[in-house]
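K.L.:
give me a model of this one.
(chains A and B)
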Amino acid sequence: MTLELQSVGRQINAKWIVHDLSFSVKQDECLVLVGPSGCGKSSTLRLIAGLDRCQQGTIKFGNRDVTHLPPSERAVGMVFQSYALLPHLTVYENLELGLRIRGVRIEERSRRIQHILDLVQLADRANHRPSALSGGQRQRVALARALLRNAMVYLLDEPMSNLDAQLREQIRPELRRLILDQGKPTVYVTHDQNEALAMANKIAIINNGEIVQLDTPIHLYNNPNSLFVAQFLGRPQINCLKPRDHQIQAIRPEDLKFSESGLPCRLVSREWLGNTQLLYLESAEGGLRMVAEPSFQCPERLFVTWQQSKVFRFDAKTGLRTS
Amino acid sequence: MTVVYLLIPAFLLLASVFGLPLLRYAWLSFHADSVLTGLQPIANDGANWLRLMHDQRYWQDLIQTLRFAFASVGFELLLGLAIALLLHQPMRKRGLIRSAALIPWALPTTVMALGWRWIFNTPYGPIDQFTSLSGISLNILGNPSFAWIALVYADVWKTTPFVALILLAGLQSIPNDLYEACTLEGASSFTCFRKITLPLLKPYLGLAMTFRLAQAFGVFDLVQVMTGGGPASSTESLALYAYWNALRFLDFGYSATIMIASFVLLSTIVAFGWWLMILLNQRGSMAVTE
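P.N.:
Numbers count the residues shown, from 1 in each chain, chains lettered A, B, ... in the order given. Next comes the predicted model:
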């Protein structure tokens, strides 16, 4: 079964917050929507879930056109950023609510909840209220609830943005396994590019309600179609050199090399990051970010060089890639 | 420890305006202090309290006061919830409509009580004018079976907006994505109301109920203006009875007894409400605000 969006759009106050958006997600595939805040990525998710109505285009789950179906009939499993757990119910009751609403028998309910609690490793927390759980545990309860839905499509709206960085890294592989094991199309929204690169089979970079580029993570990183994509993916951020002939040249920090001659630079500041160090340089081409070995003792003045083949060129006006 | 010292001025202020009068009344309730004693307190060994035990009018007034309080607060909670749910819906000019809904509450009680007294007036009020078209004159304020209902009606009219305001605040504290998650599970809006709105609104219902019960139990101005306690004392409240004993019969000793007795009763009711609210808070929406 494939999730398919065909030129979907939604307007608020005469402004398109999602405009002419088309993509398809196959089963077993996780598409990550990524972009700056307010770019329309969460709105897209809400359109797929049916929480908002589209004013344009069609949404299909396989052959079924769900564009005009209410959310309750779409069978989507969704994980909210806030987890949306009911504070007055225990973990078990939270999970049970949906099954009860859909009329699942009591033995069946208990069997499925036990199974899912084992899966997300929360069996010993079944009788706790959400307030007694840690952020990571709540997130797993929310995920468990989505999985219990037996959904056609899974939607995750910044599911990890309320967790600290360490926990996020810990949960990421687990989340990816749990979701992809379902073998259903999954759409995952985040503003964190690391998370996007880690979770995705494909990434759609969104800006102003439109897809800027949709591709595999590797291809996006190596072949950005615009300055926006190049700057959005990759940390430390790509270096932009002085514009020439209405062209912006950009080079990734890891592609800059030290040499005996080349562009003269002055060291402005450095960040030692353990397994690497980040150097901030000043040159005639403007400020440069550069990645170096952690043990490298950087002199005050140095020369850097790069292969011309590693340089991306963008039109200074449109920001689109020229070579 | 500094905290305790800093609280002393506030405590002294409260003690002087609440504690002292209360102590004075408690003391006075064990004294005869009326025209007969030349308005001088003379200890009477609990005769006031004995009199209270056997005072038919006091017990009648207590029942009437409780009847009024529970009837009006009950309706106010139901209606207030309905209005709060309506005002919570997205609509045009919501701010304006919300403010307009508060107007009855903003009116001084005496003003609106006078208004209602005229509306219920027989034979000049609009209600009597209307019913007399079909040949019936209910004489609502003159009938002991109806007069208290008219009071409840007026009180509900005035204070429902207050209840609605508290409940609206409660509704606004419930995150919208709880409802969205519930809808995605396939729930109807009634199920969402039962599973989300009601349980999470419980602490607010408790708060509104406690406030309103305390106020309704001590009702004075509304009754005084609308019916004066009549007809035949059928709408007389405890506060009114205490007031009359003190300022009409100039029996300060007995009036103090009534007030102390009412105070103990009211404190019990409020304490119970408060306890209930804390209990519900622990189970309810504490986690929402987190």
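K.L.:
buried residues, stretch B:249-257. List them.
P.N.:
B:251-257 (16 or more other Cβ atoms under 10 Å in any protein chain shown). Just so you know, the C-beta spots here come from the backbone N, C-alpha and C atoms, and that holds for glycine as well.
K.L.:
same check, this time on stretch A:273-287
P.N.:
A:277-281, A:283, A:285.
K.L.:
pLDDT, distance to chain B and secondary structure for the residues you listed - can I get that in CSV?
P.N.:
Formatted as CSV, these follow (pLDDT from 0 to 100; distance: Cβ to the nearest Cβ, whole Å; DSSP: H, G, I helix; E, B strand; the rest coil):
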residue, pLDDT, distance to chain B, secondary structure
A:277, 91, 40, strand
A:278, 92, 37, strand
A:279, 92, 43, strand
A:280, 94, 40, strand
A:281, 92, 46, strand
A:283, 90, 48, strand
A:285, 86, 47, coil
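K.L.:
which one of the residues you listed is nearest to residue B:167?
P.N.:
residue A:278 (54.3 Å; Cβ to Cβ).
K.L.:
dump the residue contacts of the closest one.
P.N.:
A:236, A:253, A:270-271, A:289-292 (Cβ atoms under 8 Å, 6 or more residues apart in numbering or on different chains).
K.L.:
same question, residue A:318
P.N.:
So residue A:318 contacts residue A:226 (Cβ under 8 Å, 6+ apart).
K.L.:
and it, how far from chain B?
P.N.:
38 Å (Cβ to the nearest Cβ, to the nearest Å).
K.L.:
got the phi and psi for residue A:154?
P.N.:
phi -110, psi 130 (degrees, to the nearest 10).
K.L.:
mind checking how far it is from chain B?
P.N.:
Residue A:154 is 11 Å from chain B, by Cβ to the nearest Cβ.
K.L.:
that older thread, quick one, which of the contacts of residue A:278 are buried?
P.N.:
Using 16+ other Cβ under 10 Å, the buried ones in the contacts of residue A:278 are A:236, A:253, A:289-290, A:292.
K.L.:
give me the subset of these that lies in strands.
P.N.:
A:289-290, A:292 (DSSP state E).
K.L.:
give me the secondary structure label for residue A:268.
P.N.:
strand (DSSP: H, G, I helix; E, B strand; the rest coil).
K.L.:
and chain A, which residues reach chain B?
P.N.:
A:49, A:51, A:70-74, A:76-78, A:80-82, A:84, A:86-88, A:97-98, A:101-102, A:129-131, A:145, A:149 (Cβ under 8 Å from any Cβ of the partner chain).
K.L.:
these in strands, which ones?
P.N.:
Per DSSP E, the residues of chain A next to chain B map to strands at A:76-78.
K.L.:
and these as JSON lines, adding neighbour count?
P.N.:
Output for those, formatted as JSON lines (neighbours: other Cβ atoms under 10 Å in any protein chain shown):
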{"residue": "A:76", "neighbour count": "24"}
{"residue": "A:77", "neighbour count": "25"}
{"residue": "A:78", "neighbour count": "29"}
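K.L.:
what about the helices in the stretch 101-250 of chain B?
P.N.:
Remark: helices assigned in the stretch 101-250 of chain B by DSSP state H, counting those that start in this stretch are B:103-106, B:109-119, B:126-131, B:147-172, B:176-184, B:189-192, B:198-217, B:221-226, B:238-247.
K.L.:
of all these, which lies closest to residue A:206?
P.N.:
helix B:176-184 (21.1 Å).
K.L.:
which other helices and strands contact that closest one?
P.N.:
strand A:76-79, helix B:189-192 (3 or more Cβ pairs under 8 Å, 6 or more residues apart in numbering or on different chains; DSSP states H and E).
K.L.:
ok, now which ones touch residue 225?
P.N.:
Looking at chain A here, since you left the chain open. Here residue A:225 is in contact with A:212-213, A:320-321 (Cβ under 8 Å, 6+ apart).
K.L.:
oops, wrong one, chain B.
P.N.:
Counted by Cβ under 8 Å, 6+ apart, residue B:225 has contacts B:109-110, B:113-114, B:117.
K.L.:
and which of those residues is nearest residue B:185?
P.N.:
Among the contacts of residue B:225, and counting by Cβ to Cβ, the member closest to residue B:185 is residue B:109, at 46.7 Å.
K.L.:
which residues touch the closest one?
P.N.:
B:158, B:221-222, B:225.
K.L.:
can you do 7 Å?
P.N.:
Listed by Cβ atoms under 7 Å, 6 or more residues apart in numbering or on different chains, the contact set of residue B:109 reads B:158, B:221-222.
K.L.:
and for residue A:154?
P.N.:
Residue A:154 neighbours (Cβ under 7 Å, 6+ apart): A:77, A:146, A:179, A:182, A:184, A:186.
K.L.:
quick one: stretch A:207-225 to chain centroid distance?
P.N.:
Averaged C-alpha coordinates place stretch A:207-225 at 12 Å from its chain's average position (Cα atoms, centre = their mean, to the nearest Å).
K.L.:
next, count neighbours for the residue of the stretch 1-150 of chain B found nearest chain A.
P.N.:
Scanning the stretch 1-150 of chain B for proximity to chain A using Cβ to the nearest Cβ identifies residue B:90 as nearest, at 12.9 Å. Neighbourhood size, residue B:90 [other Cβ atoms under 10 Å in any protein chain shown]: 5.
K.L.:
mind checking how far it is from residue A:86?
P.N.:
According to Cβ to Cβ, to the nearest Å, residue B:90 stands 23 Å off from residue A:86.
K.L.:
quick check: residue A:275 vs residue A:217, distance?
P.N.:
21 Å.
K.L.:
let's see the PyMOL selection covering just the buried ones among the contacts of residue B:109.
P.N.:
The following PyMOL line selects those of the contacts of residue B:109 that are buried, judged by 16+ other Cβ under 10 Å:
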select buried, chain B and resi 158+222
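K.L.:
lowest confidence element among the helices and strands of chain A?
P.N.:
Every helix and strand of chain A was ranked by mean pLDDT, DSSP states H and E. The lowest is helix A:165-180, at a mean of 84.
K.L.:
need the next SSE after that helix, C-terminal direction.
P.N.:
strand A:186-190 (DSSP states H and E).
K.L.:
list the helices and strands the helix or strand just after that next one packs on?
P.N.:
Counting by DSSP H and E, the element after strand A:186-190 in chain order, helix or strand, is helix A:193-199. The contact analysis (3 or more Cβ pairs under 7 Å, 6 or more residues apart in numbering or on different chains; DSSP states H and E) places helix A:193-199 against strand A:30-34, helix A:165-180.
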